[in-house]
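Visitor: Take a look and give me a structure for this.
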Amino acid sequence: MAEPSTIARPYAEAAFRLADAQGKLAEWSAALANLAAVAADARVRSAIGDPTLSAPRIAGLVISVLDGKLSAEAENFVRVLADNRRLELLPEIRAQYDALRNEREGVIEAEVFSAFELDEAQLAGLIARLESTTGRQVKAQVRLDKELIGGIKVVLGDKVIDGSVRAQLGALENALKA
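Guide: Prediction:
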């Protein structure tokens, strides 16, 4: 069986093309975020996986949860996914859609792991340096990770910049063993 990311890709690309043509990238991003959240709910996942429920009924369930928050096109998208038994892929579709949107808008997402809370000035300075380095706008999500001991670790796509005390101690340990 194909990987979920492979199956989700054509749906994400179709949603992106439609949103781009309509000039509604942000609206579709919000709709897919809402749909992914609904699809992640245990009760909805159970309904999606129930072979006794018809596709129109499952689509109706998902659409009714977001009553009034979906455009007609987004509702049709849900129906297509339900007809093809692909609603469980909504989180992956959303992730791929957001990646396409970020690429179009010149944005890169960064995960910043810090041993301590960063104040606004520290975060702004870090983002400015990352933007200068990457040449792209950076959207940062900050997470606390006490295991770093001190410093920060930044993940930009497949690139990791580890300036944590933990990493420095690991490098020192390796140097002493050599």
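Visitor: biggest helix in this protein, by residue count?
Guide: helix 4-22 (DSSP state H).
Visitor: list the buried ones in stretch 128-140?
Guide: Going by neighbour count (16 or more other C-beta atoms under 10 Å), the buried part of stretch 128-140 is 130, 134, 138, 140. To be clear about C-beta, it is placed using only N, CA and C from the backbone, and glycine gets the same treatment.
Visitor: Among those, which are located in helices?
Guide: Reading helices off these with DSSP H, I get 130, 134.
Visitor: before we move on, the earlier item: quick one: list the elements packing against the following helix or strand past the longest helix of the chain.
Guide: Remark: after helix 4-22, the chain's next helix or strand is helix 25-40, criterion DSSP states H and E. Contacting helix 25-40 under the criterion 3 or more C-beta pairs under 8 Å, 6 or more residues apart in numbering; DSSP states H and E are the following elements: helix 4-22, helix 42-48, helix 55-65, helix 72-83, helix 90-105.
Visitor: I'd like those helices laid out as a markdown table, including mean neighbour count.
Guide: A markdown table is the format used below for the helices and strands packed on helix 25-40 (neighbours: other C-beta atoms under 10 Å):
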| stretch | mean neighbour count |
| --- | --- |
| helix 4-22 | 16 |
| helix 42-48 | 14 |
| helix 55-65 | 17 |
| helix 72-83 | 18 |
| helix 90-105 | 19 |
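Visitor: Turn those into CSV, columns for distance to residue 35.
Guide: Formatted as CSV, the helices and strands packed on helix 25-40 follow (distance: least, C-beta to C-beta, whole Å):
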stretch, distance to residue 35
helix 4-22, 10
helix 42-48, 10
helix 55-65, 7
helix 72-83, 7
helix 90-105, 5
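Visitor: any chance of those helices in JSON lines, with mean pLDDT too?
Guide: JSON lines is the format used below for the helices and strands packed on helix 25-40 (pLDDT from 0 to 100):
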{"stretch": "helix 4-22", "mean pLDDT": "95"}
{"stretch": "helix 42-48", "mean pLDDT": "93"}
{"stretch": "helix 55-65", "mean pLDDT": "95"}
{"stretch": "helix 72-83", "mean pLDDT": "96"}
{"stretch": "helix 90-105", "mean pLDDT": "94"}
